[in-house]
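Undergrad: Quick one, fold the following:
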Amino acid sequence: MYGTGSNPEVHALNVRHPDHGEVGHFYWHPKSGEIKDVLVMGGHEGKGIATKMYHVANQVSKSEGIPQPKHSSKRTQAGDAWAKSVGGSIPPLKGGEFH
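TA: Below you'll find the model as predicted:
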């Protein structure tokens with residue numbers, strides 16, 4: 001189950017499992033669209049949840065007229081691999097290093 005929320009600091013998409021509670025979240029900046037945080041809890045990694053959240057966030061953005069998520073230049077190594085797997089415009093990593 002997906003839930004959405006918004007405040008002046010971040011747009012949020014949360015995923016809840018009926019038996020396990022929250023299993024992931026996806027946050028993006030309300031003005032720039034920059035992805036601020038993507039997290040999938042331990043035992044739920046590798047199941048496509050982050051990718052689904054990315055696609056749902058893009059759909060929500062279109063339907064609500066808010067900025068679409070954009071990959072950040074501040075990504076971890078795992079975040080960089082994920083960004084490349086979902087596509088979109090991927091900026092070079094800031095300073096060429098993983099954060």
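Undergrad: ok, residues contacting the helix of greatest length in the chain?
TA: Counting by DSSP state H, the longest helix found in the chain is helix 49-64. Outside helix 49-64, the residues within contact range by C-beta atoms under 8 Å, 6 or more residues apart in numbering are 2, 4, 11, 13, 15, 23-26, 28, 33, 38, 40, 66-69, 82, 85-86. C-beta here means a position set from N, CA and C on the backbone, and glycine is covered the same way.
Undergrad: what's the following helix or strand after that helix?
TA: Following helix 49-64 in sequence order, the next helix or strand is helix 77-86 (DSSP states H and E).
Undergrad: Would you mark the buried spots in that next one?
TA: Gly79, Trp82, Ala83, Val86 (16 or more other C-beta atoms under 10 Å).
Undergrad: If you compare the directions of it and helix 49-64, what angle comes out?
TA: 60 degrees (axes from the mean of the first three to the mean of the last three C-alpha atoms, to 10 degrees).
Undergrad: Quick one: residues in contact with helix 77-86.
TA: Identification of contacts with helix 77-86 by C-beta under 8 Å, 6+ apart yields Val38, Ala50, Thr51, Tyr54, His55, His71, Ser72, Arg75, Ile90, Leu93, Phe98.
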